[in-house]
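Asks: Just a sequence and a predicted model for now, questions to come.
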Amino acid sequence: MKKSLLTLILICFAFLINAQNIDNQLIDEMNRRADDDEIEVFVVMKDRYDRTLLNQKADAFATRAERRDFVAKELKMFAEKSQKNLVDYLENTAKINNVSSLHFANTLYFSATKTVIMEIANRDDVEIIGFNRKQNVIPECRDARPCVSTDASREITPNVLQVNADQVWAQGYTGAGVIVAVVDSGVNYEHVDVADHLWDGGTEFPHHGYDIVNNDDDPMDDKGHGTHVAGIVCGDGTSGSQTGVAPDATLMCVKTTAADGFGGAVNIAGGMEWAVEHGCDLINLSQGMAGAGITDKEIFRRTCETILDAGIVALVCAGNEGYSILQMAYPIPNNVRVPGSCPPPYLDPDQTVNPGGLSCVVAVGAVDYNDVAAEFTSQGPVTWQDTEFGDYAYEPGIGLIRPDVCAPGVNIKSLDYQNTSGYTFYDGTSQATPCVAGIVALMLQKNPNLLPADICRILEETSLKLTPNKSNITGVGRVDALAAINAVEPDAVEENEISDNGFSIYPIPSYDVLFVLSGNINSEYRIINILGETVMSGNIASENQQIDISSLPEGIYFIKIGEVTMKFLKK
């Protein structure tokens, strides 16, 4: 009895010392639970990849797709190394066999007893431990009134017309070749309006995506939300109603919520990470957490920063908590759902009086068909001053203006998940968000190498302004697909070599260990790494001379010949 009491006192003492490493929501949960209960937690590691260095490396890649793949691989290797000691402890000492990792946020998640949680809180490699709280992450979508169409046999839905997407199709841009990941409740991929333009996952992912909830390869929708959202992105009208802004975009299906709409930060962040690792070009996330804890926010912010570094943009709903009664439960600056509250990739001039860090998130609010703000659309500003990021201070300070843009989100017709050819109607920022995602798919067809900052800037600069300044209800205004596509510069055609000053230099694709230099050259050369150190040097005296770079490790280098310096990647 004395031993048990002493143990309890020691645990309580440790708990008091290390409470700063434990999220308040987890503290509350631990107080409610029995000692031998296992609690679902996630552990955010203290180590973070130097983003300046990561971007220096990523900038060497010629295309956005190459950048995406490099960043995903680099962060995975970094997280595995950073987490190794804790994983060894969890698996070998604590005997926990359900340890999983989020590489982009450098986070582990698993179930553990209070004693194990307290032992982890003592570690100096841990930033914070949070409770994997499940909640309804799908903003409530109200059934809307029936829509009257002018041509029921082949209508284009009013929201698509409102943003002028049909005029973009006339220019030849329909989203073809652009992979849009719909991270949601899954998709009825058998619906005929999307069935012929689904992501090809090969034999590993035969159902065109992944189910994070059940950890299997079948992301079939059992809620209805994700199918409706997907139809607004790329429904092609096979059944009679053209609901999609980008009808030829390729749809990747990622399921992150159960049939009841419940999920959590681990599911959603994991779904976003999976989509990037498997080659998406943009993400639509019509989900988010209301009243998120500090740890939830930090996981999302870390994930969204990494996705930005990878060159991928995410269109994220602001939420439907704008009703006055819901603002009592979620008052500003906590009215916008997370990760819709994460920073944008581009800071509007109205935000620069209170700047902060950036992430991949373009937050979307909702308007009706008269461009009036929907009564439910969540309202900013938000703040990150209470997190590890410590930016966008509010009162004093204007916080972070949310959303960035708005789109039609009232009385929206799209695909019904309960059959393969039907339609249904909903209201919500969930419906506004895929409208913007469809526009981004059109933009990326015109220029596949647009980076998130350019996408966000163009969307903002070309939107129909609804207020003189960027608003915490409708952002800069309602998006306009035609104006956005006209502002996109086509991608320049790139040759497989870099030419300058009368000579050219290019790698041999088959080997990736040689440079061939051709032209009038008689000079010394130096190869320099990103730290400015000379790692190889020599003389160039003949035409078509080869330089063997097989001894160099993978990475970014600069070759200096005379007064000319050029960057290259050793794979």
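Replies: Received, thanks. As the structure is a prediction and not an experimental result, all values here were calculated from the model.
Asks: ranges for the strands of the stretch 101-250 of the chain?
Replies: Ranges of strands in the stretch 101-250 of the chain, per DSSP state E, counting those that start in this stretch, are 107-112, 126-131, 135-136, 155-156, 179-184, 209-211, 241-242, 250-255.
Asks: what residues does the second one touch?
Replies: I take that to be strand 126-131. Applying CB atoms under 8 Å, 6 or more residues apart in numbering, the contact partners of strand 126-131 are 21-23, 25-26, 28-29, 39-46, 86, 117, 120-121, 265, 293-296, 298-299, 388. C-beta here means a position set from N, CA and C on the backbone, and glycine is covered the same way.
Asks: Could you do the last one as well?
Replies: Strand 250-255 is touched from outside by 177-187, 189, 194, 197-199, 207-214, 219-221, 226, 230, 233-234, 271, 274-275, 278, 280, with contacts defined as CB under 8 Å, 6+ apart.
Asks: Can you turn the buried part of the residues you listed into a PyMOL selection?
Replies: Here is the PyMOL command that selects the buried residues among those (16 or more other CB atoms under 10 Å):
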select buried, resi 178+179+180+181+182+183+184+185+186+187+189+194+197+198+199+207+208+209+210+211+212+213+219+220+221+226+230+233+234+271+274+275+278+280
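Asks: Which members of the contacts of strand 250-255 are positioned in helices?
Replies: Mapping those onto helices (DSSP state H) picks out G226, A230, V233, C234, G271, W274, A275.
Asks: Just the closest of these to S463, please.
Replies: The shortest gap between S463 and any of the ones in helices among the contacts of strand 250-255 belongs to V233, at 18.7 Å (CB to CB).
Asks: Provide a list of residues in contact with that closest one.
Replies: Applying CB under 8 Å, 6+ apart, the residues near V233 are V180, V182, G244, V245, A246, A249, L251, N284, P434, A437, G438, A441.
Asks: Quick check: closest non-adjacent residue to it.
Replies: P434 (4.4 Å; CB to CB, 6 or more residues apart in numbering).
Asks: How many neighbouring residues does N469 have?
Replies: When neighbours are defined as other CB atoms under 10 Å, N469 has 10 of them.
Asks: Chain neighbours aside, what residue packs nearest to it?
Replies: Nearest to N469 is D350, by CB to CB, 6+ apart, at 5.0 Å.
Asks: Make sure T433 is actually in contact with C317.
Replies: Yes: under the criterion of CB atoms under 8 Å, T433 makes contact with C317 at 4.4 Å.
Asks: Could you name every residue contacting both of these two?
Replies: In contact with both T433 and C317: L285, S286, V364, using CB under 8 Å, 6+ apart.
Asks: ok, T295 - contacts?
Replies: T295 touches D23, Q25, L26, F42, V44, I128, I129, G130, F131, A265, counting by CB under 8 Å, 6+ apart.
Asks: Could you say which of these is surrounded by the most neighbours?
Replies: Busiest of the contacts of T295 [other CB under 10 Å] is A265, holding 32 neighbours.
Asks: got the domain boundaries for the chain?
Replies: 2-132, 152-487, 498-570 (automatic domain parsing).
Asks: I'd assumed D35 was in a strand, is it?
Replies: No: per DSSP: H, G, I helix; E, B strand; the rest coil, D35 lies outside any strand segment and is coil.
Asks: ok, it - contacts?
Replies: Per CB under 8 Å, 6+ apart, neighbours of D35: T113, K114, T115.
Asks: do that again at 7 Å, thanks
Replies: T113, K114 (CB atoms under 7 Å, 6 or more residues apart in numbering).
Asks: Check the one 10 residues further on too.
Replies: M45 makes contacts with S82, Q83, N106, T107, D125, V126, E127, as judged by CB under 7 Å, 6+ apart.
Asks: if I look at L308, how far off is V160?
Replies: Plainly put, L308 is 28 Å away from V160 if you go by CB to CB, to the nearest Å.
Asks: One more: S359?
Replies: 28 Å.
Asks: More neighbours: which of those two?
Replies: In terms of neighbours (other CB under 10 Å), V160 is the more surrounded of S359 and V160; the figures are 28 against 25.
Asks: residue contacts, the spatially closest residue to the more buried one that is not a sequence neighbour?
Replies: Spatially, and ignoring its direct neighbours in sequence, V160 is nearest to V245 (5.7 Å; CB to CB, 6+ apart). If a contact means CB under 7 Å, 6+ apart, then V245 has V160, V163, A165, I232, V233, C435, G438, I439, A481 as its contacts.
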